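**Q** Sequence and predicted structure are below.
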Amino acid sequence: MIEEFNTQGRENLVAIADQFAQLEKVIDTKAFGSGNINDTFLVTLDCSEQKNFVLQRINTQVFRQPKLIMQNMCTFTEHVRKKLQSTPLNRRWEIPQVLLTKNKQDHWRDADGSFWRAISFIEDSQSFDTMHDRSHAPEIGYALGMFHNLISDLSPEKLADTLQGFHITPLYLQDYDKVLATTKVRKTPEVNYCLQFVSDRQTFAHILENAKAQGILPLRLMHGDPKINNVMFDTTTQQAVSVIDLDTVKPGLVHYDIGDCLRSGCNRAGEETENWENVYFDTDLCQEILAGYLGVAKAFLTENDYAYIYDAIRLIAFELGLRFFADYLAGNVYFKVKHSEHNLARAIVQFKLTESIESQETQIRQIIKDMK
């Protein structure tokens, strides 16, 4: 989609950015980041103080109610801002702020009806797609823990559910069953492995949602996508300073965040590897990330929360593998792929990771117990 803007010319982007620039002059816009959902640009201003901000066109095919996303962002970022003002931290921590248009709106619609928003840029920071440095592990945990801690006293009822069904594993399983029932599956050893893998774990898919329904795990606010590359690090201190990509902040279980953070952080081979034998869950990294997380999150976690952390780690790896495999069977209609077998390969990576987690259940549960 970004290519469209190159052909239309920079002037159109500058004109849109100018709606959010208030009194400053826009001097440059360029494509920014590697996200697969929204079109993102870094805007440079002729200003000595706040030199940059982030301009995004929201993908309304994914987020069908973008006004609710902005409403959510304004609600929880203002909550966190006030909290940090009244109780400052002893280290740098920032949360992206929503920037208003010259008409004091939190978004702008262009002539085509596209939905644009602007958020503040976290200066002097960087992110990483994989764990380059083990010292980042506790910082990643700290970042998620601090994010949860700062919104732990904000009622989930104050935020809309902007992506219904997201991280509800039983619903993904229903979708998978529908695809399986309506698709002619070409059986290969890899496909058979995946079919058997999912079949063996049908009942397990409900574990967190059942606990929520029974009142064992409380509904809270979650980030929704706390992968490594959504944690920003100070370029000088290499400490975590922010968690970004806030479109999926909504009511849910913090366990989905904990599981996703550990799933992405403890797989040293990464999601895109085709060397499946190299995929394993690094329990040393797990211990370091959890230590960073629990160092901040202990204040709001309950005994029941601890009891389900292992299940969350196992479930989210399985859930993502299930989604990749279902998309492969459906003809690669959701996730972007580089070749026809790409989603199948991705699914196997997550299933191998799940197997590694399952084989180390006793050790992982002991790590969690020792940190309580």
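**A** All right, it came through fine.
**Q** centre of the chain versus stretch 354-369, how much separation?
**A** 23 Å (C-alpha atoms, centre = their mean, to the nearest Å).
**Q** avg pLDDT for it?
**A** What stretch 354-369 shows for mean pLDDT is 97.
**Q** For residue 130, report the pLDDT, please.
**A** 76.
**Q** Actually, residue 10.
**A** 65.
**Q** Ok, residue 6 next?
**A** Confidence score, pLDDT, at residue 6: 50.
**Q** next one: residue 34
**A** pLDDT, residue 34: 64.
**Q** Now residue 98, what are its backbone angles?
**A** phi -70, psi 130 (degrees, to the nearest 10).
**Q** Let me see the ranges of the strands in this structure.
**A** For the chain, the strands defined by DSSP state E occupy 26-31, 39-45, 52-57, 98-99, 108-109, 115-120, 125-126, 220-222, 231-234, 240-243, 250-252.
**Q** Quick one: these as CSV, columns for mean neighbour count, mean pLDDT and distance to residue 200 too.
**A** (Glycine included, C-beta is placed from N, CA and C.) Shown next, in CSV, are the strands of the chain (neighbours: other C-beta atoms under 10 Å; pLDDT from 0 to 100; distance: least, C-beta to C-beta, whole Å):
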stretch, mean neighbour count, mean pLDDT, distance to residue 200
strand 26-31, 16, 88, 43
strand 39-45, 20, 91, 40
strand 52-57, 21, 94, 41
strand 98-99, 20, 94, 45
strand 108-109, 17, 94, 48
strand 115-120, 21, 96, 43
strand 125-126, 15, 93, 41
strand 220-222, 23, 96, 28
strand 231-234, 22, 95, 33
strand 240-243, 24, 97, 34
strand 250-252, 21, 94, 26
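**Q** Could you point out which of those sits nearest residue 272?
**A** Distance to residue 272, taken as C-beta to C-beta, is lowest for strand 231-234 among the strands of the chain, at 19.2 Å.
**Q** Quick one: residues in contact with the closest one.
**A** Contacting residues not belonging to strand 231-234 are listed as 92, 122, 124-128, 136, 139-140, 143-144, 239-244 [C-beta atoms under 8 Å, 6 or more residues apart in numbering].
**Q** will you turn the strands of the chain into JSON lines that also has distance to residue 175?
**A** Listed next are the strands of the chain as JSON lines, based on distance: least, C-beta to C-beta, whole Å:
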{"stretch": "strand 26-31", "distance to residue 175": "32"}
{"stretch": "strand 39-45", "distance to residue 175": "27"}
{"stretch": "strand 52-57", "distance to residue 175": "28"}
{"stretch": "strand 98-99", "distance to residue 175": "33"}
{"stretch": "strand 108-109", "distance to residue 175": "32"}
{"stretch": "strand 115-120", "distance to residue 175": "27"}
{"stretch": "strand 125-126", "distance to residue 175": "36"}
{"stretch": "strand 220-222", "distance to residue 175": "21"}
{"stretch": "strand 231-234", "distance to residue 175": "30"}
{"stretch": "strand 240-243", "distance to residue 175": "28"}
{"stretch": "strand 250-252", "distance to residue 175": "18"}
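**Q** Ok, which of these comes nearest residue 258?
**A** That would be, of the strands of the chain and by C-beta to C-beta, strand 220-222, which comes in at 9.3 Å.
**Q** Check which helices and strands the closest one sits against.
**A** Applying 3 or more C-beta pairs under 8 Å, 6 or more residues apart in numbering; DSSP states H and E, one finds that strand 220-222 contacts helix 136-151, strand 250-252, helix 254-265.
**Q** Could you say which of the ones you listed is packed most deeply?
**A** Comparing the helices and strands packed on strand 220-222 by mean neighbour count (mean count of other C-beta atoms under 10 Å), helix 254-265 comes out on top with a mean of 27.
**Q** for it, the distance to its chain's centre please.
**A** 9 Å.
**Q** Then stretch 182-196?
**A** 29 Å.
**Q** quick one: low-confidence parts of the stretch 251-372 of the chain?
**A** Low-confidence segments of the stretch 251-372 of the chain, defined by pLDDT under 70, are absent.
**Q** Which among the helices and strands packed on strand 220-222 is found nearest to residue 198?
**A** helix 254-265 (17.0 Å).
**Q** angle of the closest one against helix 136-151?
**A** Taking axes from the mean of the first three to the mean of the last three C-alpha atoms, to 10 degrees, one finds helix 254-265 and helix 136-151 inclined to each other by 160 degrees.
**Q** For helix 254-265, enumerate the helices and strands it packs against.
**A** helix 136-151, strand 220-222, helix 283-297, helix 309-330.
**Q** by how many degrees do the third one and helix 136-151 diverge?
**A** What that stands for is helix 283-297. Using the same axes, to 10 degrees: helix 283-297 against helix 136-151 is 30 degrees.
**Q** neighbouring contacts of stretch 174-190?
**A** Residues contacting stretch 174-190 (C-beta under 8 Å, 6+ apart): 191, 195, 198, 322, 325, 326, 329, 330, 344, 348.
**Q** and if you look at stretch 309-322?
**A** 167, 169, 172-173, 176, 194, 197-198, 201, 204-205, 207-208, 253, 255-256, 258-260, 262-263, 281, 286, 290, 346-351, 353-354, 357-358, 361, 364-365, 368.
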